[in-house]
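In: my questions are about this predicted structure, shown below with the sequence.
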Amino acid sequence: MPRLSLLIAPIAILAATVPADAAPGGPLGTLLLGHYTCETGGDALGPTGIHQPERDFSITRGSSYRTDSGRGIYLLTGDRVTFTSGPMEGQAFRRVRENFLRVVATDGRDGELRCIRRRGL
């Protein structure tokens with residue numbers, strides 16, 4: 001066994017000095033807790049936004065969210081939020097700012113829907 005420990009020590013030191021690769025798409029993160037109210041754009045003659053209550057959701061803790069339809073998990077890598085389970089599974093958003101998300105359309109561009117975080121749950 002003494003020979004094995006002599007081999008393991010240098011490997012452990014080398015492994016500690018090699019930086020870990022970032023996750024594909026950017027660093028992992030979480031959204032701020034709170035309720036996200038979703039809307040589409042309005043027009044100059046009416047309201048600035050048209051609320052889409054069926055698209056609202058709340059970030060409850062860590063990578064968990066809830067809607068009126070149930071609960072699920074999301075993944076935040078870089079500025080991209082992907083809902084990986086639950087009622088919003090498969091939907092993707094781009095984090096524009098800390099409290100502002102924009103849906104990602106099927107072609108990869110920003111879609112019309114935007115979701116803004118309100119404080120509290």
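Out: Yep, that arrived.
In: now the closest residue to Phe100 other than its chain neighbours: which helix or strand?
Out: Counting by C-beta to C-beta, 6 or more residues apart in numbering, the nearest residue to Phe100 once its immediate chain neighbours are dropped is Ile116, at 5.6 Å. Placement of C-beta: from N, CA and C, glycine included. Per DSSP states H and E: Ile116 is located in strand 110-118.
In: quick one: residues contacting the closest residue to Gln52 other than its chain neighbours.
Out: Nearest-residue entry for Gln52: Cys38, 4.8 Å, with adjacent residues in sequence omitted and distances by C-beta to C-beta, 6+ apart. With contact set as C-beta atoms under 8 Å, 6 or more residues apart in numbering, Cys38 has these partners: His51, Gln52, Pro53, Arg55, Asp56, Phe57, Leu113, Arg114, Cys115, Ile116.
In: for those, give me TSV that also has pLDDT, neighbour count and distance to Ile73.
Out: As requested, the contacts of Cys38 are arranged in TSV below (pLDDT from 0 to 100; neighbours: other C-beta atoms under 10 Å; distance: C-beta to C-beta, whole Å):
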residue	pLDDT	neighbour count	distance to Ile73
His51	95	13	25
Gln52	97	15	22
Pro53	97	9	22
Arg55	97	18	18
Asp56	98	16	18
Phe57	98	25	12
Leu113	97	18	20
Arg114	97	21	22
Cys115	98	21	17
Ile116	97	16	22
